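Chemist: turn this into a model:
(2 chains)
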Amino acid sequence: MNEFFTLMKPELLIMAILFLLLFIKISKGLANDKLLQFIQVLLLVNFVAGFFLNAEGKLFDSMYQTNAMIILQKNILNLGMFFISLLFTDWFRKCEHLSEFFMLMLSALLGMFYMMSSGNLLMFYLSLELATIPVAAMSNFNLDKKVSSEAAIKMILSSAFSSGILLFGISLLYGATGTLSFAEMPALLTSSPLQILAFVCLFTAFAFKMSVVPFHFWTADVYEGSPVVVTSFLSVISKGAIAFVFVSTLFKVFQPLHDIWYNMIMVLSVMTMLIGNLFALRQQNIKRFLAFSSIAQVGFILVGMSSNSTQGTASIIYFICIYIFSNLAAFGVADLISFFTGKENIDDYKGLYQTNPLLSWVLALSLFSLAGIPPTAGFFGKLFLLSAGATTGNYIFIGIAAVNMIISLYYYLRIIRAVFMDKNETPVEKISINPYTKIGLYICSAGIVLIGLLSWVYDYIEGVVN
Amino acid sequence: MNLLLLILIPLLTAVAVFMMQNNNQVRWIAFFGSAIQLILSLGLYVVYTNARNHGDTAQMLFEQNMPLFKSWNINLHLGVDGISVAMIMLTAFVVVAGVLMSWKMEKMTKEFYFLLILLSMGAYGFFISLDLFVLFFFLEIAVIPKYLLIGVWGSGKKEYSANKLALMLMTGSALVLVGMFILYFGGGKSFDILQLAQTTIPTWTQHICFPLLFVGFGVFTALFPFHTWVPDGHSSAPTAGSMFLAGISMKLGGYGCLRVATYLLPEGAKEYANIILLLSAIAILYGAFATMMQKDLKYINAYSSISHCGFVLLGIGMLTKVAITGAIMQMVSHGLMTALFFAVIGIIYERTHTRQVNEMGGLLKVMPFTITLLFIVGLCSLGLPGLSGFVAEMTVFVGSWENPDTFHRIVTVAGCMSIVVTAVYILRAIGKTAMGPLKEEYNNLSDAAWHEKLATIILLVGIIAIGVAPFWLNDLVSPGAELIMQKIQMAK
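Modeler: Modelled structure (predicted):
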């Protein structure tokens, strides 16, 4: 019983917060302001608690497993959750159903945690659904906007479709190997055609959730229609969780099929980087822009994934850790501007520096980090992904990735140019940032500057992965 | 001497600048920071020559090696030889002058100085690092400040120029990145320059790697045909920005070509030497002839920079000790000279509000100090003995002549011919600016202010110090060139 509590601690903590929110809701106790503060404290406690009393092991006949790496990944996602609760304070305060929103978000996170810890395909499928359905409901939270409902419908329909493919893959795989357990799977994989078909189905489902090209069509519309909070949750937390699971599944469970998935990953990676970049070039809406740029980022994650080594895993965890800081900071700024002025076009950002220097610097830092410019952490993140990819000796692939970094720089610089250089008669007026958001932005900026320079962070992650 | 200081002082200066509220404080802090850095780099020269005179024969002095990313074997490995000391002194001179030249900058002063100092930190870090990864890190640090300096504080079609510069330089560094990875995995999983120099790198790796690295760094130093960012970038940048671009940033490329590409991959260098020579000869002549057609003072200097930087690559491509020494001296000389040229152009432009040669005339009467400097720097540019340009270009030519075959002779002669063209455009530009009847609206122009005088004199001291007594610089850099030559001679 004791083992149950220590091993499943992250999930139990999230569940405790969920139930606490439920009780508060039922007893009609708190106003939005107070409730939000309470949630922020709870999430901070949750994040800090993630570092203590950890253990490795398996539960329920290997249905559930955990180890140091999984705990680290969960901690990173917890940190992202805490940032979200800080950065979008203004939106949360205005939100009519705040406790419901957080309950949905936390259930999705709970699903992701179980997904990361799952040791069995059925468990994996169940938790994936738990991680998806609440997000669809969250997409609909801009109740007065039509696009929001459209986004929700798109999200739920397309995820249902991908779940169908996933289930199909799982059943084929069960038919071909006779097991659903991750631990027993590798020994039974023989690259027979049926197994490969099953694997491709599974792979498709992952690619879909990570919005890898050509399974990315839902991304831009859902990102644009949903509230910014949901967009950032989708593009950071959800994508991070899927990437973690994808890596460990590929590297551990499907290791015998390495020759097959290496080529798949490489082709998809090039396509994802290229198409994400090319579409991002022409976007006018900042949310769509960030959506396509985050598709391109997935392409870079795939470069690291092609390495098939512990360095690959470590560099992906490192990258996502950095990505949380930089992307959330960018979304935080975009949300502030869209919340107070309703402006979401890149042209509206012209002259932002004249009125909002703090926001401009944070935005610039986060975009430089996303583009991989030193001294921001994104530089190290991207570089380690590329060098992990280079371990296979496929330098042409790395060259293509490097070229894509230049293309992405072009469109990130477009925003920098609008913010710092272009003149505007009616720039965004001065926005008074509330202290919580400010703290969030400061922490994110500090993280962007410091994570890369503090080189022990990477060594720590690499140590945990080994 | 602790080399880390060379990075930390600019960093602290930049942070301090960012904290200040009042423009005056910002200026003085930036000035003191860069002045300390200048004193430090002069001190570095003294300490370095002292150590050499006392018989310290280690390849690199003041080495420090701290592990950074253990799992990738990336270390913060710092150290200097004569070449780096020369480049560090050049950087320090140009930075102080640049800070002084921007004294009257009123638009977002704090941000301007912050970026300026950050840029200089990138350059210092680049010149002292002996680890490819760290070197690359500092190389890229120096790009984005340039983008912002041009885009925000520039003039003319600044956004276009800034974008072009950032994208071209980043493409160059992407090539460097790929070359660096190939070198890392082909050379025993190490980014350390000294270690890589000891390991034997397979011939095919050298043949693949060398063009990547050389072209990558070459973009920074206006290697033909990747020079197109130079005229736009230089002419759109604010005065200090142009000084930094031409004086420091283009030297990052030359130093990289020499220290990384040629030193680590001697076989590759031999294989491609003729192509380098051809490209640099084209750059020298093309740059010179293109300058003849320019009417704008900044464009004149920018195109002539392409021509002059061609000599750097020509010297490297000749693969003789004297020519390589000359290439390094040309880097230092051109850095000082072109920074001074841009400073003088900046002073003139601030008063006349035009850079068109045709619209000026007779300025010698109202601005004697500035125009005298213009004469001196122009003569330096066309290679008058007694100034640094002559010494450097002469060394390159003498070194080039050591190659006896016809191809090398033709290239050398072609390079020499550009000097005639240089004389034509320089004398014409200066003549039109300084001589002739003075326009009425220019009657009341004032001469250079104290900060401008100080800035230009600092640079002038450097130019004359090299021109009159070139031996100290020669003695400083030639042991480094000798080592590079040894590697080349040992290669197949």
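
Chemist: list, one by one, the residues from the stretch 251-400 of chain A near chain B.
Modeler: When proximity is defined by Cβ under 8 Å from any Cβ of the partner chain, the stretch 251-400 of chain A lies next to chain B at A:311, A:314, A:368, A:373-375, A:379, A:383-384, A:386-387, A:390-391, A:393, A:395, A:398-399. In short, each C-beta sits where N, CA and C put it, glycine included.

Chemist: can you select the buried ones from those in PyMOL?
Modeler: Only the buried entries of those go into this PyMOL selection, using 16 or more other Cβ atoms under 10 Å in any protein chain shown:
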select buried, chain A and resi 311+314+368+373+374+375+379+383+384+386+387+390+391+395+398+399
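
Chemist: from the residues of the stretch 251-400 of chain A next to chain B, which land in strands?
Modeler: The strands in this structure, assigned by DSSP state E, contain none of those.

Chemist: tell me which helix or strand the one residue in the stretch 1-150 of chain A that gets nearest to chain B sits in.
Modeler: Using Cβ to the nearest Cβ, residue A:69 is the residue of the stretch 1-150 of chain A that sits closest to chain B, at 14.8 Å. Assigned by DSSP states H and E, residue A:69 belongs to helix A:68-87.

Chemist: what does residue B:68 give?
Modeler: Here residue B:68 is assigned to strand B:61-69, by DSSP H and E.

Chemist: for the helix or strand following that strand, which helices and strands make contact with it?
Modeler: Next along the chain after strand B:61-69, taking DSSP H and E as the criterion, comes strand B:74-80. Applying 3 or more Cβ pairs under 8 Å, 6 or more residues apart in numbering or on different chains; DSSP states H and E, one finds that strand B:74-80 contacts strand B:61-69, helix B:109-128, helix B:132-141, helix B:193-198.

Chemist: buried stuff in the next helix-or-strand element following the last one?
Modeler: In other words, helix B:193-198. Following helix B:193-198 in sequence order, the next helix or strand is helix B:203-220 (DSSP H and E). Neighbour-count burial for helix B:203-220, counted by 16+ other Cβ under 10 Å, picks out B:205-206, B:208-220.

Chemist: is the strand holding residue B:68 in proximity to chain A?
Modeler: Yes - Strand B:61-69 comes into contact with chain A (Cβ under 8 Å from any Cβ), by way of B:68-69.

Chemist: avg pLDDT for that strand?
Modeler: Averaged over strand B:61-69, pLDDT sits at 86.

Chemist: quick one: it to helix B:109-128, angle?
Modeler: Orientation check (axes from the mean of the first three to the mean of the last three Cα atoms, to 10 degrees): strand B:61-69 against helix B:109-128 gives 110 degrees.

Chemist: which residues touch strand B:61-69?
Modeler: By Cβ atoms under 8 Å, 6 or more residues apart in numbering or on different chains, the surrounding residues in contact with strand B:61-69 are A:384, A:455, A:458-459, B:1-4, B:47-48, B:51-52, B:74-81, B:130-131, B:133-134.

Chemist: now, of those residues, which are buried?
Modeler: Here, 16+ other Cβ under 10 Å leaves A:384, A:455, A:458-459, B:3, B:48, B:52, B:74-81, B:130-131, B:133-134 buried among these.

Chemist: enumerate every residue touching the residue of the stretch 101-250 of chain A at minimum distance from chain B.
Modeler: Closest contact between the stretch 101-250 of chain A and chain B, by Cβ to the nearest Cβ, is at residue A:247 (16.9 Å). Neighbouring residues of residue A:247 by Cβ under 8 Å, 6+ apart: A:305, A:312-313, A:316.

Chemist: ok, then the element right after the helix or strand where it lies?
Modeler: Using DSSP H and E, residue A:247 sits in helix A:239-248. Note on helix A:239-248: by DSSP H and E, the next helix or strand toward the C-terminus is helix A:258-281.

Chemist: that following helix: which residues count as buried?
Modeler: By neighbour count with 16+ other Cβ under 10 Å, helix A:258-281 contains the buried residues A:260-262, A:264-266, A:268-277, A:279-280.

Chemist: and for stretch B:355-367?
Modeler: Within stretch B:355-367, the residues scored as buried using 16+ other Cβ under 10 Å are B:355, B:357, B:360-364, B:366-367.

Chemist: contacting residues around that stretch?
Modeler: Under Cβ under 8 Å, 6+ apart, the answer for stretch B:355-367 is B:295-298, B:300, B:345, B:347-349, B:351-352, B:354, B:370-372, B:428-429, B:432-439, B:442-448.

Chemist: that stretch - what's its average pLDDT?
Modeler: Mean per-residue pLDDT for stretch B:355-367: 82.

Chemist: residues touching the residue nearest to residue A:281 when sequence neighbours are not counted, list them.
Modeler: Distances taken as Cβ to Cβ, 6 or more residues apart in numbering or on different chains put residue A:411 closest to residue A:281, at 5.2 Å, once the chain neighbours are dropped. Residue A:411 sits next to A:277, A:280-281, A:289, A:293 when contact means Cβ under 8 Å, 6+ apart.

Chemist: how about residue A:53?
Modeler: Contacts of residue A:53 (Cβ under 8 Å, 6+ apart): A:6, A:9.

Chemist: that one falls within a helix, correct?
Modeler: No - looking at residue A:53 with DSSP: H, G, I helix; E, B strand; the rest coil, it is coil, so not inside a helix.

Chemist: where does pLDDT dip in the chain?
Modeler: All of this refers to chain A. A:1, A:29 (pLDDT under 70).

Chemist: correction: the question concerned chain B.
Modeler: Scanning chain B for pLDDT under 70 picks out the ranges B:492.

Chemist: contact residues of it facing chain A?
Modeler: So chain B meets chain A at B:68-72, B:74, B:133, B:137-138, B:140-141, B:143-144, B:147-148, B:151-152, B:158-159, B:162-163, B:166-167, B:170-171, B:174-175, B:177-178, B:181-182, B:184-185 (Cβ under 8 Å from any Cβ).

Chemist: burial of the residue of chain A found nearest chain B, as a residue count?
Modeler: The nearest approach of chain A to chain B comes at residue A:402, 3.9 Å away (Cβ to the nearest Cβ). With neighbours defined by other Cβ atoms under 10 Å in any protein chain shown, the count for residue A:402 comes to 22.

Chemist: in this structure it contacts residue A:387, no?
Modeler: No - the pair residue A:402 / residue A:387 is not scored as a contact, 11.4 Å apart, by Cβ atoms under 8 Å.

Chemist: tell me the buried residues in the helix holding residue A:69?
Modeler: A:69-87.

Chemist: how far off centre is it?
Modeler: With Cα atoms, centre = their mean, to the nearest Å as the basis, helix A:68-87 stands 10 Å off its chain's centre.

Chemist: same check on stretch B:151-167?
Modeler: Relative to the centre of its chain, stretch B:151-167 is centred 20 Å away, using Cα atoms, centre = their mean.

Chemist: list of residues touching that stretch?
Modeler: Here stretch B:151-167 has contacts from A:406, A:409-410, A:413, A:417, A:420-422, B:105, B:107-108, B:111-112, B:143-144, B:146-148, B:150, B:228-229, B:232-233, B:235-238, B:241, using Cβ under 8 Å, 6+ apart.

Chemist: let me see the contact set for residue B:72.
Modeler: Residue B:72 neighbours (Cβ under 8 Å, 6+ apart): A:311, A:384, A:387, B:133, B:191.

Chemist: between those, which is nearest residue B:341?
Modeler: Comparing those against residue B:341 with Cβ to Cβ places residue B:133 closest, at 35.0 Å.

Chemist: would you agree that closest one is in contact with residue B:183?
Modeler: No - counting by Cβ under 8 Å, residue B:133 stays clear of residue B:183, with 10.9 Å between them.
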